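Novice: just a sequence and a predicted model for now, questions to come.
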Amino acid sequence: MRLRNLTRRREIGANCYLLESGNCRYVLDAGMHPKQVGMDALPNYAAVPYDNVEAVLITHAHHDHIGSLPALQRKLPNTPVYMTEITGEIGAAMLHNSVNVMSSQRLELNISEYPFFTHAEVDEVKRLWNYVNLRRKVELPGDADIDATFFDAGHILGSAGILLREGDKSLFYTGDVCFEPQTLSMAADFPTEGVDVLVMETTRGDQQRPADYSRKAEKERLGKLICDTFDATGSVLIPVFALGKTQEVMLMLHELHTHDLIPEMPLFIGGLSTKVTLLHDQYAEKSRRNYPGFSLLRDINMLVAQRRKKREIQYNTRCIYALSSGMMSENTVSNQFAQTFLENPRNSVAFVGYTDPDSPGARVRKAKPGEKVQLDKHRLPVEVNSRIESFDLSAHATRESLLNYAITLRPKKILLVHGDESAQLWFEAKLKEALPQTEIVRPDPEGWVELW
Ligand SMILES: [Zn+2]
Ligand SMILES: [Zn+2]
């Protein structure tokens, strides 16, 4: 068996990997690039032989893993797709939202190939999606006699790592993983032995976490910021991604409120976040997670005001606004809301996730008090007078925990993916030192790697 990396650059990008054994081919993930636009946002689908793919397997519903699935499926009209049920249901909502985003980008940026697919196509391709249970072996179609087993990745609801077995050989693809419990997601539940080839994400390879870090202390620090802001009669803006971080933050605020660490305050979420949160609630009983049966929209004691579609969110004092996107990208609710919010010194902004260095969010994060920041290229820069703080509440494994996992697993080969060059180099050096018998590979974009 061999693997071809279909990403176009060495970065997180649009995740997609082609596996080939004899005449049989399988595709792992079908992502879309979070920053690139047009054809550049797609994986290298030209390298996929369209008449002959036995199955597509999807790890989770984030854009960089599922975002181009309908475009791939158009080329593979009869190929079955495998994923967990939650990934399918949340993924469909994300893809429908992506149609809307691409349609407005078509006009605004003049990208004639957008949208890559339509709402009708999303509904159409969904009929080929097969929902699999965690830790249940599925025989994949094709002569190669390959089976797949999905394991909870603890990253977002429904996320999975995928074990593929061919005879006595096996490959495990982590997808995005978190080895520590988050508020809603439980820690990953991955296989700990019997893996020959490990394909591993490296997102946090260049981030060192302080030795005294604890998620609980980080959560309480967020509580403190909220209290201070409440006392100053300001409001708190938490830029979040609609899927994953919104629900984590909601539950975290509920915990803080239950433990009397923050006062009762209206909490606003909106748009896509509301839809995705509703899906989390629909699967509250049926998924592996903390707080089983807990409904975020119904059971949270704080007032959750769901923003009606298209209606602008009104600023009020002593409120919490958990708005997407997490990077405050242009034309998103958090970006628009920040235009007037940031000038008020009574307000606070809490960053709880990754911000790309080129994003408006990163500029706000780095801004000194009183500095002007350009949030939108069509609008005037905004003076940042609000208090700005950052919190490490990542849904990705720390580099140390990933390293420990790889060392425990002791595979014959490790392929490093889903990370920047510097992040991959850290893992390469550490793994070579810890596992001298293991071959460490950083697959070149579009390059082939022999597996067994
Ligand atoms: Zn992810
Ligand atoms: Zn990812």
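Specialist: Everything's here; your move. Ligands and ions are numbered 1, 2, ... in the order given.

Novice: quick check: the residue of the stretch 301-450 of the chain nearest ligand 2.
Specialist: His418 (5.7 Å; CB to the ion). Quick note: C-beta positions are derived from backbone N, CA and C, even for glycine.

Novice: quick check: residues of this protein near ligand 1?
Specialist: When proximity is defined as CB under 5 Å from the ion, the chain approaches ligand 1 at His62, Asp176.

Novice: which residues of the chain fall in helices?
Specialist: Here the chain has its helices, by DSSP state H, at 63-66, 69-75, 85-109, 119-125, 215-231, 245-258, 272-282, 296-299, 333-341, 360-366, 399-409, 421-434.

Novice: roughly how far apart are the residue in the stretch 351-452 of the chain that ligand 1 sits nearest to and Ile262?
Specialist: Nearest to ligand 1 in the stretch 351-452 of the chain, going by CB to the ion, is Ala395, at a distance of 7.0 Å. Distance, Ala395 to Ile262, by CB to CB, to the nearest Å: 22 Å.

Novice: and the residue nearest to the spatial centre of the chain, how far is that from His280?
Specialist: The centre of the chain sits closest to His62, judged by CA atoms, centre = their mean, with a distance of 4.4 Å. From His62 over to His280 the distance is 14 Å, taken as CB to CB.

Novice: got the domain boundaries for the chain?
Specialist: 2-207+395-450, 215-390 (automatic domain parsing).

Novice: so can I have a markdown table of the ones you listed showing mean pLDDT?
Specialist: Listed next are the domains of the chain as a markdown table, based on pLDDT from 0 to 100:
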| stretch | mean pLDDT |
| --- | --- |
| domain 2-207+395-450 | 96 |
| domain 215-390 | 93 |
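
Novice: what sits against the spatially closest residue to Thr87 that is not a sequence neighbour?
Specialist: Once flanking residues are discounted, Thr87 sits nearest to Gly158: 4.0 Å by CB to CB, 6 or more residues apart in numbering. By CB atoms under 8 Å, 6 or more residues apart in numbering, the residues touching Gly158 are His60, Ala61, Met83, Thr84, Glu85, Ile86, Thr87, Ile90, Tyr283, Ser287.

Novice: next, format those as JSON lines and append distance to Thr246 and neighbour count.
Specialist: Formatted as JSON lines, the contacts of Gly158 follow (distance: CB to CB, whole Å; neighbours: other CB atoms under 10 Å):
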{"residue": "His60", "distance to Thr246": "15", "neighbour count": "27"}
{"residue": "Ala61", "distance to Thr246": "13", "neighbour count": "28"}
{"residue": "Met83", "distance to Thr246": "21", "neighbour count": "28"}
{"residue": "Thr84", "distance to Thr246": "19", "neighbour count": "27"}
{"residue": "Glu85", "distance to Thr246": "20", "neighbour count": "16"}
{"residue": "Ile86", "distance to Thr246": "15", "neighbour count": "24"}
{"residue": "Thr87", "distance to Thr246": "17", "neighbour count": "28"}
{"residue": "Ile90", "distance to Thr246": "12", "neighbour count": "28"}
{"residue": "Tyr283", "distance to Thr246": "15", "neighbour count": "16"}
{"residue": "Ser287", "distance to Thr246": "16", "neighbour count": "19"}
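
Novice: what subset of these is also close to ligand 2?
Specialist: Counting by CB under 5 Å from the ion, no member of the contacts of Gly158 reaches ligand 2.

Novice: what's the neighbour count on Thr192?
Specialist: If you count neighbours by other CB atoms under 10 Å, Thr192 ends up with 9.

Novice: can you pull the residues of the stretch 1-150 of the chain lying near ligand 2?
Specialist: So the stretch 1-150 of the chain meets ligand 2 at Asp64 (CB under 5 Å from the ion).

Novice: kindly recompute the last result at 8 Å.
Specialist: Residues of the stretch 1-150 of the chain found near ligand 2 (CB under 8 Å from the ion) are Ile12, Asn15, Gly31, His60, His62, Asp64, His65.

Novice: count of residues packed around the residue nearest to the first one when sequence neighbours are not counted?
Specialist: Spatially, and ignoring its direct neighbours in sequence, Ile12 is nearest to His418 (5.6 Å; CB to CB, 6+ apart). A count of nearby residues for His418, using other CB under 10 Å, gives 27.
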